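A.B. asks: got a predicted structure here, sequence first:
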Amino acid sequence: MAIVINMPRLSDTMEEGTVAKWLKNVGDKIEEGDILAEIETDKATMEFESFNEGTLLHIGIAEGDGAPVDTLLAIIGDEGEDISGLLNGSGVSAEEPAVVEEAIEEVVSTTESVEIPEGVVIINMPRLSDTMEEGTVAAWLKNVGDKVEEGDILAEIETDKATMEFESFNEGTLLHIGIAEGEGAPVDTLLAIIGPAGTNVDGLLNGVPVAAPKEATVAVEKTAETKVVPANEATSVPDGQRVFASPLAKKIAKDKGVNLRDIKGSGDHGRIVKKDVEGYTPSQSASVEPVVATTAIASAAQLILPVGEESSEEVKNSSMRKTIAKVLVNSKTTAPHFYLTIEVDMDNAKASRAQINGLPDTKVSFNDLVVKACAMALQKHPQVNTSWNGDTTRYNKHISVGVAVAVDEGLVVPVLKFTDQMSLSQIGASVKELAGKARNKKLTPAEMEGSTFTVSNLGMFGITEFTSIINQPNSAILSVGAIVQKPVVKNGEIVVGNTMKVTLACDHRTVDGAVGAQFLMTLRSFLENPVTMLA
């Protein structure tokens, strides 16, 4: 199925881009992560990578030519696919011409009615990932009135993928903050205004939509008066105030079990950076006052019925949490799920894993064995390695297994590309690396796309059996439970065995019951005789 790729917005002020160079030609095979072209923006020349795979069927903008953002850049699809309908119907944009003209007129009229003072730059909420629709300001690293240099980090912005540092491409004074800390707003909403110190931007604000309420903006500006710390003066953060630290510094502090409030930041405005955490030595003077309860108080407490006040707290959903919810609801309501469960004898798997891990520099988990077995079973049952596309069913010739990883705000699924071609040790190393990046919010969009099948494992939490929601566009997902010891019958005798339950959730539009059952039989065969996976 052909995919239309439009000219991306690669900077916060980009309105059009110029194709400096095409790195792929029409007819070339495209893999996820391949660099399609070098695109010149108003800031720099940047590499633009593909988030899709297929054949490059059409180039919409020739080398050296420029075009507005969202203009048709290229079309990727199946080799030989007819795209004449797309070209005739889309023109040069993915939107309807009437809608585009209306949007242009609205922008023009708004611009004409607002006079932008000389030297003033409006910064909008940037699109920091290909699927980002809104962002949340996790932290402002500059306050109203601060001097901003080109390259300074303005804020940490939480997208649906990760929390990212957003740097300024301009220099001047931060005149206005449009979105308060903790607030979210759609892409292209007013984020900040930078310009010469003392410039009056009240008239400009009246003509530009601001996401945060006026009261919230004022609060940020007032707080700025008390937060400003000279850049060359290190300071620790009192209780009750937000800790300003880089994402890397936060990660290192968490790994070391260090409280960021105890660290003096040497960065811009007291911001804590990597070297501050690495060079921090905990004070030995800190002490905790013991809580003393007398026998009389304890006895009296037993005679008094508990009296309390009902309370609750509204916590704003993060962009990642909302995206996960949207995807899961769509899958559960559009794909007719059914579930098949089997129990697997894991005695041989335990013995094989012990032998494998006895080799130098080798470490594989039971989940790695399951992933490898799934990839090999998919080779024998291609119907499970499919995607439902409405009028057609896509049979994926490649096998890429997604491995669900739990993070603080939900679940992400990094993908092992071409899993069937990987050894057990390669699978183990890749899963460990991707899981670490997932928990640190460092996964790239390309590392989370392109799965043809998914594995979700809750066995490490003691869960023996569960069902999962299909990770679309996959047709199936395998839920893996814990390995438990229980009495089993072998050779007519009751003995202690090690068993594991796995449940396959199938999309009934593409996978029938018999097909799913045959897949599980093959999977069981590989897991109960791991040597067959190595032959």
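C.D. replies: Thanks, I have the structure now.
A.B. asks: who's in contact with the helix or strand that Ala325 is a member of?
C.D. replies: Assessed by DSSP states H and E, Ala325 sits inside helix 319-334. Residues outside helix 319-334 that contact it (Cβ atoms under 8 Å, 6 or more residues apart in numbering) are 131-132, 134-136, 158-162, 184, 317, 407, 409-412, 469-472. Where you see a C-beta, it was placed from the backbone N, CA and C, and this is true even at glycine.
A.B. asks: now the element after the helix or strand of the chain with the lowest mean pLDDT, going C-ward?
C.D. replies: Evaluated with mean pLDDT, DSSP states H and E, the helix-and-strand set of the chain has its lowest mean pLDDT in helix 214-227, which scores a mean of 35. Past helix 214-227, heading to the C-terminal end, the next element that is a helix or strand (DSSP H and E) is helix 247-256.
A.B. asks: I'd like the next helix or strand past that next one.
C.D. replies: Scanning forward in sequence from helix 247-256 by DSSP H and E, the next helix or strand is helix 274-278.
A.B. asks: which helices and strands does that next one pack with?
C.D. replies: The criterion is 3 or more Cβ pairs under 8 Å, 6 or more residues apart in numbering; DSSP states H and E, and the helices and strands that helix 274-278 contacts are helix 247-256.
A.B. asks: and the helix it packs on, what's its mean pLDDT?
C.D. replies: Along helix 247-256, the predicted confidence averages to a pLDDT of 77.
A.B. asks: next, the buried residues of that helix.
C.D. replies: Residues of helix 247-256 classed as buried under the neighbour-count rule (16 or more other Cβ atoms under 10 Å) are Pro247, Ala249, Lys250, Lys251, Ile252, Ala253.
A.B. asks: how about the last one, what does it touch?
C.D. replies: By that I understand Ala253. Ala253 is in contact with Ala245, Asn259, Leu260, Ile263, Ile272, Val277, counting by Cβ under 8 Å, 6+ apart.
A.B. asks: what is the neighbour count of the first one?
C.D. replies: Okay, so that is Ala245. In terms of burial, Ala245 registers 26 neighbours under the definition other Cβ atoms under 10 Å.
A.B. asks: how much space separates Glu31 from Glu63?
C.D. replies: Distance from Glu31 to Glu63, counting by Cβ to Cβ, to the nearest Å: 22 Å.
A.B. asks: circling back to that earlier point, which of the contacts of helix 319-334 fall within strands?
C.D. replies: Assignment to strands by DSSP state E places the following of the contacts of helix 319-334 there: Glu134, Gly135, Thr136, Glu158, Gly184, Val407, Gly410, Leu411, Val412.
A.B. asks: what's the lowest-pLDDT member of the residues you listed?
C.D. replies: Where pLDDT dips furthest among the ones in strands among the contacts of helix 319-334: Gly410, at 81.
A.B. asks: and that one, how many neighbours?
C.D. replies: By other Cβ under 10 Å, the residues close to Gly410 number 14.
A.B. asks: report the beta-bridge partner residues of it.
C.D. replies: Val407 (DSSP bridges).
A.B. asks: residues contacting it?
C.D. replies: Met320, Arg321, Ile324.
A.B. asks: which phi and psi values does the closest residue in space to Gly267 that isn't next to it in sequence adopt?
C.D. replies: Distances taken as Cβ to Cβ, 6 or more residues apart in numbering place Val273 nearest to Gly267, at 4.4 Å, with adjacent residues excluded. Dihedral angles phi and psi of Val273 (degrees, to the nearest 10) take the values phi -120, psi 180.
A.B. asks: shouldn't Val273 be in contact with Phe244?
C.D. replies: No: Val273 is not in contact with Phe244 according to Cβ atoms under 8 Å; the separation is 9.9 Å.
A.B. asks: okay, and the common contacts of the two?
C.D. replies: In contact with both Val273 and Phe244: Gly265, Gly267, using Cβ under 8 Å, 6+ apart.
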